[in-house]
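In: Predicted model and sequence follow; I will ask about them next.
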Protein chains: 2
Amino acid sequence: MTPTTAGRPPGRPRAGVTDAVFAATLRTVHEIGYARATVDRIAAAAGIAKTTVYRRWPSKGALIIDCLLDAFGPVPLAGDDRDEVISTAVRWIAGKIGEPGVGDAFAGVFSDAVSDPALRDLLASRFQDPYRIALQDALGEPEHRVLFLIDTVVGTLLHRMGMTGRPMVDADVDALVDMVRRYFTPTAAGRRRT
Amino acid sequence: MTPTTAGRPPGRPRAGVTDAVFAATLRTVHEIGYARATVDRIAAAAGIAKTTVYRRWPSKGALIIDCLLDAFGPVPLAGDDRDEVISTAVRWIAGKIGEPGVGDAFAGVFSDAVSDPALRDLLASRFQDPYRIALQDALGEPEHRVLFLIDTVVGTLLHRMGMTGRPMVDADVDALVDMVRRYFTPTAAGRRRT
DNA sequence: GGGTTGCGCTACCTTGAGTATCGAAACCAG
DNA sequence: CTGGTTTCGATACTCAAGGTAGCGCAACCC
């Protein structure tokens, strides 16, 4: 969507602030934690007014979800077989959650979503579903198996993040990869190496 | 501590309200969700004043943790081998989380703990540690392995609870048991049955 | 310059956690 | 029965944060 395309609407054009807001969100969450990262502070960190944030996103949760979508991007589905696809995907999400601010923000929205059905729906439809569908296609697994895989991997990573405040260390990520690989690749029990 | 033991202190004795408060907590959380289950409402459901709750527990989080400790009780560690001990323990916690109100309350405190370091410490020391130590003893595994086991099992169950609002169905609990059993009982890859 | 829309600012509403205060109630000792 | 001590319930309050409303001004097009 270049600025000159398809009949620009009248009036003052919107300032391009989304990138600045996303960056400010992750930075603020990383520095002072999710709870203290209020919309006010995030807006201030981005150099704009709180009201401008609420003109773009209907709620704090929606902002964080969009921020996470931007931070995560599409899931890499590289690999010759399911074994490798799963390993790659698990390591990818573990790495993303380990990036400064991302894990905290993820755990934070998830937390808020627990007791906010509207946010839960948003999280499921806008965030989880795209990855779920991509994984179903790549793995040829039914929906409930992929949902179980996501519960396992994301749940484990978030639980560690939530209980310790830090992302999972590499050695435990290796263990996680190993565990889900063994379970989802029936014949992989014997071939321990890539 | 019977009432007549060891020099009762002067003044009006405390009313025995903890059981009523625990019951009211689970009931309220189950009926209207964690976020709307305010301390005010819980107190009202228990038939006492909010101030009385705060005389017993220093924060809402502390109340919920005590309530969960009461609801969970000690982990059953039955079974002849590690394989069975793990299965029993996993099914036990899955069942507890499935009880009305318990899973919601658990997911709720966990959520709050994510961005509240004090509550996180409380959750780790008062709730997780006793079970972790009991499992270390029963399984003869080092601390980091048991922590990984807990992350996996609890994380998966809470993620499902958080994303769907409902506890995990039995078939998926079976899958979870299967997965962690395979990983934590190296020789179990061959003997698929109990 | 006129029309239209976005921005920053300030003030505000609401909810919920947690605190302070005060009178009344419950217990014991004498 | 009275006094001392502690707890209870009720009310009122503070504080933080999500979210909203309104206003003056800025930026764009014609």
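Out: That came through, no problem.
In: does residue A:37 sit in a helix or strand, and which one?
Out: Under the criterion of DSSP states H and E, residue A:37 resides outside all helices and strands.
In: What of residue A:21?
Out: helix A:18-32.
In: residues of that helix that come out buried?
Out: A:18, A:21-30 (16 or more other Cβ atoms under 10 Å in any protein chain shown). Using the backbone N, CA and C atoms, a C-beta is placed for each residue, glycine as well.
In: same question, stretch A:32-51
Out: A:33-34, A:37, A:39, A:41-43, A:45-46, A:48.
In: Export these as JSON lines, with columns for pLDDT, distance to residue A:179 and secondary structure.
Out: What follows is the buried residues of stretch A:32-51, written out as JSON lines (pLDDT from 0 to 100; distance: Cβ to Cβ, whole Å; DSSP: H, G, I helix; E, B strand; the rest coil):
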{"residue": "A:33", "pLDDT": "92", "distance to residue A:179": "30", "secondary structure": "coil"}
{"residue": "A:34", "pLDDT": "93", "distance to residue A:179": "28", "secondary structure": "coil"}
{"residue": "A:37", "pLDDT": "97", "distance to residue A:179": "33", "secondary structure": "coil"}
{"residue": "A:39", "pLDDT": "98", "distance to residue A:179": "38", "secondary structure": "helix"}
{"residue": "A:41", "pLDDT": "98", "distance to residue A:179": "39", "secondary structure": "helix"}
{"residue": "A:42", "pLDDT": "98", "distance to residue A:179": "36", "secondary structure": "helix"}
{"residue": "A:43", "pLDDT": "98", "distance to residue A:179": "42", "secondary structure": "helix"}
{"residue": "A:45", "pLDDT": "97", "distance to residue A:179": "39", "secondary structure": "helix"}
{"residue": "A:46", "pLDDT": "97", "distance to residue A:179": "40", "secondary structure": "helix"}
{"residue": "A:48", "pLDDT": "97", "distance to residue A:179": "44", "secondary structure": "coil"}
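In: and DNA strand D, which of those residues contact it?
Out: residue A:39 (Cβ under 7 Å from any atom of the strand).
In: from the buried residues of stretch A:32-51, which two are the most distant?
Out: Greatest spatial distance among these (Cβ to Cβ): A:33 and A:48, at 21.5 Å.
In: So which residues on chain A come close to DNA strand D?
Out: Checking chain A against DNA strand D by Cβ under 7 Å from any atom of the strand, the hits are A:8, A:10-13, A:35-36, A:38-40, A:50-51, A:54, A:58-61.
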